[in-house]
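Undergrad: Pasting the sequence and the predicted coordinates here, then a few questions.
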Amino acid sequence: IAGITQAPTSQILAAGRRMTLRCTQDMRHNAMYWYRQDLGLGLRLIHYSNTAGTTGKGEVPDGYSVSRANTDDFPLTLASAVPSQTSVYFCASSEGLAGGPSTDTQYFGPGTRLTVL
Amino acid sequence: AQSVTQPDIHITVSEGASLELRCNYSYGATPYLFWYVQSPGQGLQLLLKYFSGDTLVQGIKGFEAEFKRSQSSFNLRKPSVHWSDAAEYFCAVSYNTDKLIFGTGTRLQVFP
């Protein structure tokens, strides 16, 4: 069982370019999440999805979009990258209860290191 | 606003010494509390979590944490640190939602 895979591992991107970070889980988890990790700020939630077909905004959603066409995949798109989006991006998933309390463990992928120049 | 505070940005201990990492949360309701560990270049891994019941929680790798409602704290402890424990540790809280709020992390360095 792979758990959560993310691609690419790292990427250098010119400002203004479009970029999609991929995330796939094989645990059949309902909920999925995208975080960015920045030094001194910890992890901040960008977007989340409680179940396939639904998405929601987290703490720092501006400049990012997500889709959840099926249970396993949760891509994150930067429509027009800016240098402030330079960060390490983590995808996570949990069993999740749509609209309910979260006592679930979140499982994290290995991350994508993105540099926007 | 809901928040989690980890007052120590960086802690250094000698191998074999005891360890305590601090975590405080703000909000009136009883939260769900978590500790995650991130090894260099890796994603986060759950160490332990507290929802209710016994306030002393045992986790993996010999870690434990104690929930103290009166102090709004959930400090992580280990009686004897190993060199492999060097990592970054994140406290996180959930308030009856599907979203976690993370602290800013504490980097642990272990000297031989």
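TA: Yep, it's here.
Undergrad: Give me the mean pLDDT for stretch B:26-45.
TA: For stretch B:26-45, the mean pLDDT works out to 86.
Undergrad: Please enumerate the strands of the chain.
TA: With no chain named, the answer covers chain A. A:4-7, A:10-13, A:19-25, A:31-38, A:42-49, A:56-57, A:64-66, A:76-78, A:87-94, A:107-108, A:112-116 (DSSP state E).
Undergrad: switch to chain B, that's the one I care about
TA: Under DSSP E, chain B gives strands at B:3-5, B:10-14, B:19-21, B:24-26, B:32-38, B:44-50, B:56-58, B:64-68, B:73-78, B:87-94, B:101-102, B:106-111.
Undergrad: how about the residues of chain B that lie near chain A?
TA: Neighbours of chain A within chain B, by CB under 8 Å from any CB of the partner chain: B:9, B:32, B:34, B:36, B:41-46, B:49, B:51, B:90, B:94, B:96-100, B:102-105. (C-beta placed from N, C-alpha, C; glycine too.)
Undergrad: 6 Å instead, please
TA: Residues of chain B lying near chain A by CB under 6 Å from any CB of the partner chain: B:32, B:43-44, B:46, B:51, B:94, B:96, B:98-99, B:102-105.
Undergrad: Filter these down to just the buried residues.
TA: Buried members of the residues of chain B next to chain A, scored by 16 or more other CB atoms under 10 Å in any protein chain shown, are B:32, B:43-44, B:46, B:94, B:98-99, B:102-105.
Undergrad: Contact residues of chain A facing chain B?
TA: Applying CB under 6 Å from any CB, one finds that chain A approaches chain B through A:31, A:42-43, A:45, A:50, A:90, A:96, A:101-103, A:105, A:108-111.
Undergrad: Lowest-confidence one in those?
TA: Note: of these, the lowest pLDDT belongs to A:Pro101, at 46.
Undergrad: Show me which of the residues of chain A next to chain B are buried.
TA: Of the residues of chain A next to chain B, these count as buried by 16+ other CB under 10 Å: A:31, A:42-43, A:45, A:50, A:90, A:96, A:102-103, A:108-111.
Undergrad: Could you give the average pLDDT over stretch B:105-112?
TA: On average, stretch B:105-112 scores 95.
Undergrad: my guess is B:Tyr36 meets B:Gly43, correct?
TA: No. Counting by CB atoms under 6 Å, B:Tyr36 does not reach B:Gly43; the two are 9.2 Å apart.
Undergrad: Tell me which residue is most central in chain A.
TA: The centroid of chain A falls nearest to A:Trp34 when counting by CA atoms, centre = their mean (2.4 Å).
Undergrad: Could you list which residues are in contact with that one?
TA: A:Trp34 sits next to A:46-47, A:76, A:91 when contact means CB atoms under 6 Å, 6 or more residues apart in numbering or on different chains.
Undergrad: redo that, cut-off 7 Å
TA: Applying CB atoms under 7 Å, 6 or more residues apart in numbering or on different chains, we find A:Trp34 in contact with A:46-47, A:66, A:76, A:89, A:91.
Undergrad: Stretch B:52-65: which residues count as buried?
TA: The neighbour-count check on stretch B:52-65 (16+ other CB under 10 Å) flags B:57, B:59, B:63-65 as buried.
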